[in-house]
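J.: Provided below for reference: sequence and predicted model.
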Amino acid sequence: MTVTIMIVDDSKLARIVAGKAIGALRPDWVRVEASNAQEALQLVSEQQIDVAVLDFNMPGQDGLELAADLRKSYPNMPIAIITANIQDEVISRARAVNATFVNKPLTEDGMSGFLEGAALRLKQARR
């Protein structure tokens, strides 16, 4: 079973860091990248995306708005919102769109719980 995870962040460095953490934890997962919400929506229209990791602060549409858009078409997709902005409002909004909140700076430990949960959800959905 091939799993494709989409990393969306306007910072190339942040995408590299996220990709390395995901690669260390899930080396068999295919990683694709987008630098903004528009690119991300284009990607999901062109190929199967199973999991999404979205930066909160991006120019144009932010990660929570993108998560809400993805949720409409992909109600069961595991989605993480990654940000250093740990205000209660942001965490609450992430929960409202059924997304997991992950703190920046991103680490393997920080991503581990989300990726384990995502893998379990995907496995159950494919039974």
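T.: Received, thanks. Residues are numbered from 1 along each chain as shown.
J.: residue 26 and residue 89, how far apart?
T.: Noted for residue 26: a distance of 30 Å to residue 89, by Cβ to Cβ, to the nearest Å. Yep, even glycine has a C-beta here, placed from its N, CA and C like the rest.
J.: mind checking which of the two has more residues around it?
T.: Neighbour totals were compared for residue 26 and residue 89, and residue 26 leads with 19 against 8 (other Cβ atoms under 10 Å).
J.: which residues does the residue nearest the centre of the chain contact?
T.: Against the mean C-alpha coordinate of the chain, by Cα atoms, centre = their mean, the closest residue is residue 53 at 1.3 Å. When contacts are counted by Cβ atoms under 8 Å, 6 or more residues apart in numbering, residue 53 touches 5, 6, 7, 8, 18, 22, 79, 80, 82, 102, 111, 114.
J.: specify which member of those residues is nearest to residue 95.
T.: Residue 95 has its nearest neighbour among these in residue 79, at 11.3 Å by Cβ to Cβ.
J.: hang on, that closest one packs against residue 67?
T.: Yes. Using Cβ atoms under 8 Å, residue 79 is in contact with residue 67, at 5.1 Å.
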